[in-house]
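J.: Here you go, sequence then predicted model.
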Amino acid sequence: MNPQAMDAFWMPFTANRHFKANPRMLVSADGMYYQDDAGRSILDGCAGLWCVNAGHNRKPIVEAIQRQAATLDYAPPFQMGHPKAFEAAERLAEMAPAGLDKVFFVNSGSEAADTALKMAIAYHRVRGDAGRVKLVGRERGYHGVNFGGISVGGIAGNRKLFPVALPATDHIRSTHDLARNAFTRGEPEFGAEFADELEARITTLHDPSTIAAVIVEPMAGSTGVLIPPKGYLKRLREICDKYGILLIFDEVITGFGRLGADWAANKFDVLPDIITCAKGLSNGVVPMGALIVKPAIHDAFMAAAAERAIEFPHGYTYSAHPLACAASVATLDLYRDEGLFQRAANLAPRFEEKAHALRGTRHIKDIRNLGLVAGIELDSRPGAPGARGMDVFLKCWEKGVLVRFTGDIIAVSPPLIISEAEIDRLFATIGEAIHEAD
Ligand SMILES: Cc1ncc(COP(=O)(O)O)c(C=O)c1O
């Protein structure tokens, strides 16, 4: 591509100058593979961006969108409805963990997080508990890029340019503990007690009656695949229950089969009050996010407002967009018809074996995995944190494999349709790339 033709697009979360000097251009996709502009086939090792769980260019989804666009292209979501929105909500409620069945649509994971935080504060308020305004997140948490999300999120780099986060927030510590848990297969043994900090420090410091909600990713994905220690999430649930605090699970990555189960909530047998999801909800094909909520929360809003009043003054122009709803219904059908969550569970042992077979490769200081996700943490190059991670990413790209890197952690999260041979190739390539990296 002519370098000037790349001038206008200010790329998100991208090293723009480096990219424009060394473009990596994807031009088409099918199944497990992208094609680049040189006609190379690229194995998708990260489901696009953790979202294309059913693989690329799936006919039923493509056709559903085409039909929908030709039937009803757009409908205002405020004070108006359309059938696909109700169908999509029903379908999502049906597959949600038992006990969560009200669906509020948004357009992304970031919007889902901010909506959940607002909903939590407003819920307490409509019940007459207006003093509950504080929000608790976790270090190394990622809840998108909007102001609510970065306020409860715990990524220093995502906050330092924007030092105006919401004031009434605090954070529990991250569960990452390499000293005790390095090279664990599946859930780490050690660290359930990290949840106790919520009670010992946060509720004590703030007075629990001022805390509206705790939000965590059941498994932190974007900060490098941090798998929850055994018993940790149950402990968080118990403490939230004890103090009347809502528990929000951000399942933007963990929803829709990534961990070898439909939801992390089911995998870990812990029911939050609100799940936020996006990404796999529409297979990444049309932007879409959602909150799935306990009926008591929904009902509190209904009970508090006058009959013709808007109960929750919140929403977006594109909430429940017809194309997104059509994509989502077709996606959920595909997951069900092809048994993709079970497929992920069946493939998980081989995935684990191939990931951990890299142990001993130079630079690697941890390998961790669950379901169809793995994190490979590298020693940082002295004085240049993140440089080695980027090298490995670039070398994988040269070798025809797309992976993610966060600092010096390589994240692997392929579409759930991956074959055993492709799993083998994926990890073999990553191993070579790490071996070759400085
Ligand atoms: C857990 C989690 N929450 C929220 C988001 C933000 O989603 P989006 O980029 O769709 O706004 C992400 C994105 O990776 C995520 O992993």
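T.: Sure, I can see it. Residues are numbered from 1 along each chain as shown.

J.: going forward, measure contacts and count neighbours with C-alpha atoms only.
T.: Fine.

J.: A47 against P414, yeah?
T.: Yes: A47 is within contact range of P414, at 4.7 Å (criterion: Cα atoms under 8 Å).

J.: which residues do those two both contact?
T.: Common neighbours of A47 and P414, counting by Cα atoms under 8 Å, 6 or more residues apart in numbering, are N53.

J.: Can you name the element that comes right after the helix or strand of the chain with the lowest mean pLDDT?
T.: Sorting the helices and strands of the chain by mean pLDDT, DSSP states H and E puts helix 204-206 at the bottom, at a mean of 91. Using DSSP states H and E, the next helix or strand after helix 204-206 towards the C-terminus is strand 211-216.

J.: Which residues belonging to the very next helix or strand once past that following strand are considered buried?
T.: Using DSSP H and E, the helix or strand that follows strand 211-216 towards the C-terminus is helix 232-243. Neighbour counts over helix 232-243 (16 or more other Cα atoms under 10 Å) mark Y232, L233, K234, R235, L236, R237, E238, I239, C240, Y243 as buried.

J.: out of everything not next to it in sequence, what's closest to the fourth one?
T.: What sits nearest to R235 in space, not counting adjacent residues and going by Cα to Cα, 6 or more residues apart in numbering, is A195, at 6.1 Å.

J.: Repeat that for the third one.
T.: Using Cα to Cα, 6+ apart and skipping residues adjacent in sequence, the residue nearest K234 is V270, 5.9 Å away.

J.: Now do the contacts for that neighbour.
T.: L233, K234, R237.

J.: measure the last one to the ligand for me?
T.: When Cα to the nearest ligand atom, to the nearest Å is the yardstick, R237 and the ligand sit 18 Å from each other.

J.: I'd assumed I248 was in contact with that residue.
T.: No: assessed by Cα under 8 Å, R237 is found out of contact with I248, at 9.8 Å.

J.: Overlap of the contact sets of these two?
T.: P272.

J.: Quick one: name the residues of this protein near the ligand.
T.: 108-110, 142-144, 217, 221-222, 250-253 (Cα under 6 Å from any ligand atom).

J.: Quickly note the distance from the closest residue to D391 other than its chain neighbours to the ligand.
T.: Leaving aside its chain neighbours, D391 sits nearest to A437 (6.2 Å; criterion: Cα to Cα, 6+ apart). Distance of A437 to the ligand, given as Cα to the nearest ligand atom: 26 Å.

J.: where's A437 relative to R24, distance?
T.: 19 Å (Cα to Cα, to the nearest Å).

J.: Compare those two and say which one has the larger neighbour count.
T.: Neighbour comparison, A437 and R24: the larger count goes to A437, with 18 against 14 (by other Cα atoms under 10 Å).

J.: Pretty sure V392 is one of the things that one touches, is it not?
T.: Yes: using Cα under 8 Å, A437 is in contact with V392, at 6.2 Å.

J.: Closest one to the ligand out of the buried residues of helix 232-243, please.
T.: L233 (15.4 Å; Cα to the nearest ligand atom).

J.: which residues does that closest one contact?
T.: Contacts of L233 (Cα under 8 Å, 6+ apart): A192, A195, P218, F268, V270.

J.: ok, so of the buried residues of helix 232-243, who is nearest V62?
T.: Ranked by distance to V62 (Cα to Cα), the buried residues of helix 232-243 are led by L233 at 37.4 Å.

J.: domain ranges for the protein?
T.: 3-54+339-436, 63-337 (automatic domain parsing).

J.: gap between the two ends of the last one?
T.: This points to domain 63-337. 16 Å.

J.: Would you agree R17 falls within a helix?
T.: Yes: applying DSSP: H, G, I helix; E, B strand; the rest coil, one finds R17 inside a helix.

J.: how close does it get to the ligand?
T.: 22 Å.

J.: OK, contacts around the residue nearest to R235?
T.: Counting by Cα under 8 Å, 6+ apart, A195 has contacts I172, Y232, L233, R235, L236.

J.: Just give me the closest of those residues to S419.
T.: Nearest to S419 among the contacts of A195, with distances taken as Cα to Cα, is L233, at 31.5 Å.

J.: where does that closest one land on pLDDT?
T.: Here the pLDDT value assigned to L233 is 98.

J.: what's the distance between A384 and G407?
T.: A384 is 10 Å from G407, by Cα to Cα.

J.: These two - which one has more neighbours?
T.: Shown here are A384 and G407; by other Cα under 10 Å, G407 has more neighbours (18 against 10).

J.: leaving aside the residues next to it on the chain, what's closest to the more buried one?
T.: Per Cα to Cα, 6+ apart, closest to G407 is G386, 3.9 Å.

J.: Okay, and K20 sits in which element?
T.: Residue-wise, K20 maps onto helix 16-21 under DSSP H and E.

J.: Which one of the residues in the stretch 151-300 of the chain is closest to the ligand?
T.: Per Cα to the nearest ligand atom, V252 is where the stretch 151-300 of the chain lies closest to the ligand, at 4.7 Å.

J.: Let me see the confidence value for the nearest residue to that residue once chain neighbours are set aside.
T.: Excluding the flanking residues, the one nearest V252 by Cα to Cα, 6+ apart is C277, at 4.1 Å. Looking at C277, its pLDDT is 99.

J.: same thing with P3?
T.: pLDDT, P3: 69.

J.: Then G289?
T.: For G289, the model assigns a pLDDT of 98.

J.: Name whatever forms a beta bridge with it.
T.: V106 (DSSP bridges).

J.: So which residues of the stretch 301-438 of the chain form strands?
T.: Along the stretch 301-438 of the chain, the segments classed as strands by DSSP state E, counting those that start in this stretch run 364-370, 373-378, 401-402, 404-406, 409-412.

J.: Turn those into CSV, columns for mean neighbour count and distance to G289.
T.: CSV is the format used below for these (neighbours: other Cα atoms under 10 Å; distance: least, Cα to Cα, whole Å):
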stretch, mean neighbour count, distance to G289
strand 364-370, 23, 23
strand 373-378, 26, 21
strand 401-402, 24, 24
strand 404-406, 22, 22
strand 409-412, 27, 22
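
J.: of these, which approaches A15 most closely?
T.: strand 404-406 (13.0 Å).

J.: So what are the sheet partners of the closest one and their directions?
T.: Here, using DSSP bridges, strand 404-406 pairs with strand 409-412 (antiparallel).

J.: Please save the CA atoms from the partner strand in PDB.
T.: These are the backbone C-alpha positions of strand 409-412, laid out as PDB (Å, rounded to 0.1, in the frame of the first residue of the first chain):
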ATOM      1  CA  ILE A 409       3.500 -12.100  27.700                       C
ATOM      2  CA  ILE A 410       2.300 -13.900  24.600                       C
ATOM      3  CA  ALA A 411      -1.400 -14.700  24.700                       C
ATOM      4  CA  VAL A 412      -2.900 -17.600  22.600                       C
END
